[in-house]
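Visitor: Fold the following and give me the result.
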Amino acid sequence: MMAGDGGGGRGGTPMGHGDPSAFPCFRTTPDAVDAVAAALRSGELNSYSPGAGLEPARRSIARYLSTDLPYELSADDVYLTSGCSQAIEIICSVLARPGANILCPRPGYLFHEARAVFNGMDVRYFDLLPESGWEVDLDGVQAIADKNTVAMVIINPGNPCGNVYSYEHLAKVADIARKLGIFVVADEVYAHLTFGQNKFVPMGVFGSVAPVLTLGSISKRWVVPGWRLGWIVTSDPNGVFRKTKLVESLKSYLDISADPATFIQGAIPQLIENTKEEFFEKTVDVLRQTIDLCWEKLKGINCITCPSKPEGSMFVMVKLDLSCLQGIKDDMDFCCQLAKEEFVVLLPGCALGYKNWLRITFAIEPSSLEDGIDRLKSFCLRHSK
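Guide: Numbering: from 1, shown residues only. Just a heads-up that it's a prediction; the model follows:
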């Protein structure tokens with residue numbers, strides 16, 4: 001959260017990151033809090049956990065994810081991590097080898113790129129198509145892949161674009177991966193946070209077509225990013241990951257990495273079992289309300305255009321028309337001056353590989369969102385030509 005600026009008590013509006021947990025309308029369910037409290041008070045979860053995580057937690061997550069799949073996952077398919085960020089770190093480490101490259105979306109969540117580069121991999125980018133609901137440019141994927149490509153990354157529901165891919169589109173992605181002989185890394189941390197026409201379909205549905213490494217966490221759906229509990233799931237009915245010894249490498253890495261807090265792991269079975277569907281529905285209803293508000297109010301800002309209305313996650317990507325503005329050099333300059341003058345924080349597109357675009361977070365209190373967009377409009381009017 002932004003602190004007050006000291007200029008007349010005018011507070012800041014945080015519309016640049018995806019952590020709505022501070023806002024009362026996005027508070028997690030008491031069922032989750034009770035599960036963690038019970039686990040902590042039990043006195044049985046104060047020790048180190050196994051590298052892959054506690055078996056009851058892994059079994060519970062396997063059951064939870066299997067409800068969306070045409071096959072059953074087992075606890076052996078699930079590996080617990082300290083949030084989805086560590087899951088990305090581990091997967092990039094396990095996939096890395098001399099000369100390897102990985103395909104990432106543009107715009108995208110650049111933590112994938114950062115971890116891949118840190119591990120010595122070459123990163124190549126395929127475009128997401130704004131005029132087609134930010135679908136993957138499948139021809140572009142084929143054009144940049146070669147014999148050293150190990151995987152492609154899919155983020156669905158999308159950060160930063162708010163896209164939710166249809167079953168048909170994901171089937172095409174799986175088919176491309178099969179033809180290229182590569183894995184799919186499916187970042188699904190925003191799973192089920194959808195409020196448009198397309199419903200969430202996990203990439204693991206197509207695990208028999210192309211092997212899928214599914215990354216997820218409780219951070220977004222339960223609105224508890226600070227609890228740091230994520231997972232890697234081998235969505236691979238044909239056993240390719242075991243044959244290629246990727247599972248062996250994954251286990252070896254987990255043996256030398258930090259684990260999620262044991263009492264959080266211990267709370268997972270009760271957290272998943274006891275959380276009522278009404279909590280999830282309420283969260284989605286608030287997101288639907290805030291994106292509708294955001295979408296309508298952005299239409300009144302001349303220098304900003306949005307190619308498609310988000311159907312999921314917590315973000316919308318908008319294009320900045322610098323020809324309408326004076327005294328603004330680029331998207332970074334726009335965001336810096338906006339923060340200084342209006343105390344509104346947005347994420348510049350250059351941080352996502354998309355220069356002169358902006359990512360706006362709509363997962364904040366509706367009244368704060370309305371105020372923030374009003375300030376954004378005032379800023380644009382003040383700098384208009």
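Visitor: Tell me where the stretch 251-385 of the chain has helices.
Guide: Here the stretch 251-385 of the chain has its helices, by DSSP state H, counting those that start in this stretch, at 262-274, 277-298, 331-342, 366-382.
Visitor: Tell me which of these lies nearest to residue 118.
Guide: helix 331-342 (23.4 Å; C-beta to C-beta). Using the backbone N, CA and C atoms, a C-beta is placed for each residue, glycine as well.
Visitor: Tell me which residues are up against that closest one.
Guide: 12, 16, 320, 325, 327-328, 344-350, 355-358, 375-376, 378-379, 382-383 (C-beta atoms under 8 Å, 6 or more residues apart in numbering).
Visitor: Which of those are buried, as a PyMOL select command?
Guide: Selecting only the buried entries of the contacts of helix 331-342 in PyMOL, with 16 or more other C-beta atoms under 10 Å as the criterion:
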select buried, resi 12+16+320+325+328+344+345+346+347+348+349+350+356+357+358+375+376+379+383
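Visitor: Deepest in the core, which of the helices of the stretch 251-385 of the chain is it.
Guide: helix 262-274 (a mean of 21; mean count of other C-beta atoms under 10 Å).
Visitor: now it: mean pLDDT?
Guide: Regarding helix 262-274, the rounded mean pLDDT is 98.
Visitor: Only the C-alpha atoms, please, for that helix, written as CSV.
Guide: Output of helix 262-274 as CSV, limited to C-alpha atoms (Å, rounded to 0.1, in the frame of the first residue of the first chain):
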residue,chain,number,x,y,z
THR,A,262,5.4,-26.7,7.8
PHE,A,263,2.3,-25.5,9.6
ILE,A,264,1.0,-23.9,6.4
GLN,A,265,1.4,-27.2,4.6
GLY,A,266,-0.3,-28.9,7.5
ALA,A,267,-3.3,-26.6,7.1
ILE,A,268,-3.9,-27.3,3.4
PRO,A,269,-6.3,-30.3,3.7
GLN,A,270,-8.6,-28.4,6.0
LEU,A,271,-8.2,-25.2,4.1
ILE,A,272,-9.3,-26.8,0.8
GLU,A,273,-12.0,-29.0,2.3
ASN,A,274,-13.6,-26.3,4.5
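Visitor: That helix - contacts with which helices or strands?
Guide: helix 30-41, helix 55-66 (3 or more C-beta pairs under 8 Å, 6 or more residues apart in numbering; DSSP states H and E).
Visitor: can you list the residues that contact it?
Guide: Under C-beta under 8 Å, 6+ apart, the answer for helix 262-274 is 31-32, 34-36, 38-40, 42, 44-49, 53-54, 56-57, 59-61, 63-64, 80, 218, 222, 227-229, 259.
Visitor: Just the buried ones from those residues, in PyMOL syntax?
Guide: If you want just the buried ones from these in PyMOL, going by 16+ other C-beta under 10 Å, the selection is:
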select buried, resi 31+32+35+36+38+39+40+45+49+53+54+57+59+60+61+63+64+80+218+222+227+228+229+259
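Visitor: for the chain, which spans come out with low pLDDT?
Guide: Applying pLDDT under 70 to the chain picks out residues 1-10.
Visitor: what about the strands in it?
Guide: 13-14, 78-81, 101-106, 122-129, 135-136, 149-155, 183-187, 212-217, 230-235, 304-305, 315-320, 344-345, 347-348, 357-361 (DSSP state E).
Visitor: and the fourth one, which strands flank it?
Guide: Spelled out, it's strand 122-129. strand 101-106 (parallel), strand 135-136 (antiparallel) (DSSP bridges).
Visitor: of all those, which lies closest to residue 129?
Guide: Nearest to residue 129 among those is strand 135-136; the distance by C-beta to C-beta comes to 5.3 Å.
Visitor: residues in contact with that closest one?
Guide: 105, 126, 128-129, 154, 163, 165, 169, 173.
Visitor: can I get the residues you listed in JSON lines with distance to residue 304 and neighbour count?
Guide: Shown next, in JSON lines, are those (distance: C-beta to C-beta, whole Å; neighbours: other C-beta atoms under 10 Å):
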{"residue": "105", "distance to residue 304": "22", "neighbour count": "28"}
{"residue": "126", "distance to residue 304": "26", "neighbour count": "23"}
{"residue": "128", "distance to residue 304": "19", "neighbour count": "23"}
{"residue": "129", "distance to residue 304": "20", "neighbour count": "16"}
{"residue": "154", "distance to residue 304": "27", "neighbour count": "24"}
{"residue": "163", "distance to residue 304": "19", "neighbour count": "30"}
{"residue": "165", "distance to residue 304": "25", "neighbour count": "25"}
{"residue": "169", "distance to residue 304": "27", "neighbour count": "20"}
{"residue": "173", "distance to residue 304": "30", "neighbour count": "23"}
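Visitor: for the helices and strands packed on helix 262-274, which one sits closest to residue 313?
Guide: With C-beta to C-beta as the criterion, residue 313 lies closest to helix 55-66 of the helices and strands packed on helix 262-274, at 18.4 Å.
Visitor: which strands and helices sit next to that closest one?
Guide: Under the contact criterion of 3+ C-beta pairs under 8 Å, 6+ apart, helix 55-66 touches strand 78-81, strand 230-235, helix 262-274.
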